[in-house]
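Enquirer: the following comprises the amino acid sequence and a computationally predicted model.
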Amino acid sequence: MSSSRSNDSSSADEEAASTPGGDFDRAASFTGTSRRLNRRFTAYLDQGFQRKMRQQRRALLGVGFVVSAISVLVALAAAQGLRELWVALVVSGALIGLGGTAALRSLLRWRQRMQRRRTVIQTGIPVNAFLVQANSALLQPQNQTLPCLVLISFQPEVSSELEYLQSLAQRVYALKNTCPDDPDGQYVAGLTTDERAVPGRRRPLPHSFTDGSVIYCADLWVSPGDLQGSRLQKHVLPCIAEPGPVGEIELVPWWLLSEPEKSVSPTENAEGRLPKR
């Protein structure tokens, strides 16, 4: 599965403007949070999962009831010799059955994805993700989950250097659509020039570009419901990520950080925050 960061815009100097000092203060505080954040995020995800499953169960029960009713009518029509009605009912039942099967498969895929997200949130660690570029639609309030490109590091001595990582994100974006002479520069330019995004992908930056530090360029999917104001406004995004060269990353909903002591039960405005992937 892949998507595109078409019509990308830099997070470094352009439309997703914010006060750097404020971003950095919040980022420093975020990385010092305890495992309580993982538990709260997991609880929020579980509530959304249970709500979705109840809705899906009701829908599947409705489909099953309709199919059962059609089966009874087909039997009655066959017994009465009503061939035209019998054929119509059989065709209708088959179409409804196919639709129900497709919905069930979609539900199973969604459950697998949710279980995977839950594992990431339970075992991951808080990281600050520094925005390199994002789909321009994320800069306006909307409902679609879209990708962006971010820099992350699991080295404490690097992740604490917020201004350095912000500057590095700017350097990465500056190479977009360019053709550097050196191989490392060409590799970094390709990270932003190729706008296709792949779930769970992270690629290391060359050591020559990071002064030997281990820094990854990761594809991050953003659900507007997890952003304050339903749009991208900050350069630094709080995330939970599986450490290491391979793993996934999840954006932390802003309200889990701004109100850490309140219940994680979604409010009326929080309905539907879980991204459709």
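Expert: Arrived safely. Numbering: from 1, shown residues only.

Enquirer: how about Glu157, phi and psi?
Expert: phi -70, psi -20 (degrees, to the nearest 10).

Enquirer: can you list the domain ranges for the protein.
Expert: Using automatic domain parsing, the domain parsing of the chain gives 3-33+125-259, 41-120.

Enquirer: worst mean pLDDT among the ones you listed?
Expert: When the domains of the chain are ranked by mean pLDDT, domain 41-120 comes last with a mean of 68.

Enquirer: next up, the contacts around Arg201.
Expert: Taking Cβ atoms under 8 Å, 6 or more residues apart in numbering, we find Arg201 in contact with 218-219. C-beta coordinates here come from the backbone N, C-alpha and C atoms, glycine included.

Enquirer: do that again at 7 Å, thanks
Expert: Asp219 (Cβ atoms under 7 Å, 6 or more residues apart in numbering).

Enquirer: what about it, distance to Ala137?
Expert: 20 Å (Cβ to Cβ, to the nearest Å).

Enquirer: pull out the buried positions in the lengthiest strand in the chain.
Expert: Longest among the strand segments of the chain by residue count, using DSSP state E, is strand 125-135. Going by neighbour count (16 or more other Cβ atoms under 10 Å), the buried part of strand 125-135 is 126-135.

Enquirer: could I get those residues as TSV with distance to Pro245?
Expert: Output for the buried residues of strand 125-135, formatted as TSV (distance: Cβ to Cβ, whole Å):
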residue	distance to Pro245
Pro126	19
Val127	14
Asn128	18
Ala129	16
Phe130	18
Leu131	21
Val132	18
Gln133	22
Ala134	23
Asn135	26
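
Enquirer: show me what counts as buried in stretch 237-252.
Expert: Going by neighbour count (16+ other Cβ under 10 Å), the buried part of stretch 237-252 is 237-242, 247-252.

Enquirer: end-to-end on that stretch?
Expert: 8 Å (Cα to Cα, to the nearest Å).

Enquirer: neighbouring contacts of that stretch?
Expert: With contact meaning Cβ under 7 Å, 6+ apart, stretch 237-252 is reached by 30, 38, 41, 117, 120-121, 123-129, 131, 150, 152, 154, 200, 204, 218, 220, 222, 226, 257.

Enquirer: looking at the residues you listed, which are in helices?
Expert: Cross-referencing the contacts of stretch 237-252 against helices under DSSP state H gives 30, 38, 41, 117, 120-121, 123, 257.

Enquirer: of those, buried ones?
Expert: 30, 38, 41, 117, 120-121, 257.

Enquirer: what's the farthest-apart pair in these?
Expert: In terms of Cβ to Cβ, those reach their longest pairwise distance at Phe30 and Arg117, which sit 19.2 Å apart.

Enquirer: neighbours around the nearest residue to Gln144 once chain neighbours are set aside, how many?
Expert: Leaving out its chain neighbours, the residue that sits closest to Gln144 by Cβ to Cβ, 6 or more residues apart in numbering is Ala137, at 6.6 Å. For Ala137, the tally of surrounding residues (other Cβ atoms under 10 Å) stands at 16.
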